[in-house]
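> have a look at this prediction, sequence included:
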Amino acid sequence: MDGFSSNNITSTMDGIVAIRHYIDRIVTGDGKCRGMKVFLLDASTTQIVSCVYSLTEISKKEVYLVSRLDDTTNPSLNTQQNGGGDPAATANGNAAAGTAGAAHKNTGHLKAVVYIRPTEINVGLLVRELARPRFAEYHVFLSGILSKGLLRLLADNDVHERVRQVQ
């Protein structure tokens, strides 16, 4: 038997469709995040998103920018404008389709949709982000279950009350 039976392909396609549907939900903030937004990811979620969406497809969902929460090379904001290609490449600072963006420090009108793994490191990075918020509001989505302690840490450190939801 080969590993490429029609059932395996169907199962794989169903998985991709399910992930795309979940990413669609995340990008809209589960219906609570309309308008232009920034998509903040970690290393793992960047890989997940880049497997199911191109940068061009994501930009059609009102995503102005895809960036990594853990990128500390540019403290203002890494802003490669969407132009097509791979979200992972843009999130890592590479222009996927040769579209170089200018650095924009005035991002206070944008909303951030955050999709990260629920780890201490990622919550720490998000706490650091919330201490000096760059965006009007934050919609946080996690790829797993967040412990009560990390949820409390996140809540206690949202002193500017920018977090609108955590799922």
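Received, thanks.

> contacts and neighbour counts: CA atoms only from here.
OK.

> mind listing the strands for the protein?
37-41, 63-68, 111-116, 137-142, 163-166 (DSSP state E).

> now these in a markdown table, with mean neighbour count, distance to Gly124 and mean pLDDT?
Below are the strands of the chain laid out as a markdown table (neighbours: other Cα atoms under 10 Å; distance: least, Cα to Cα, whole Å; pLDDT from 0 to 100):
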| stretch | mean neighbour count | distance to Gly124 | mean pLDDT |
| --- | --- | --- | --- |
| strand 37-41 | 25 | 14 | 96 |
| strand 63-68 | 25 | 14 | 94 |
| strand 111-116 | 25 | 11 | 96 |
| strand 137-142 | 22 | 14 | 96 |
| strand 163-166 | 15 | 15 | 96 |
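
> where do the helices of the chain begin and end?
Residue ranges of the helices in the chain, as given by DSSP state H, are 6-27, 43-52, 55-59, 87-91, 120-131, 148-156.

> worst average pLDDT in those helices?
When the helices of the chain are ranked by mean pLDDT, helix 87-91 comes last with a mean of 44.

> contacting residues for Gly144?
Arg117, Pro118 (Cα atoms under 8 Å, 6 or more residues apart in numbering).

> tell me how many other residues crowd Ala18.
Residues contacting Ala18 under the criterion other Cα atoms under 10 Å number 13.

> oh sorry, the question was meant for Phe135
19.

> mind checking pLDDT for the closest residue to it other than its chain neighbours?
Using Cα to Cα, 6 or more residues apart in numbering and skipping residues adjacent in sequence, the residue nearest Phe135 is Gly108, 4.5 Å away. Turning to Gly108, the model gives it a pLDDT of 84.

> Gly108 touches Tyr138, doesn't it?
No. Counting by Cα atoms under 8 Å, Gly108 stays clear of Tyr138, with 11.2 Å between them.

> for Leu65, name its beta-bridge partners.
Beta-bridge pairing for Leu65 (DSSP bridges): Val38.

> sweet, I'm off.
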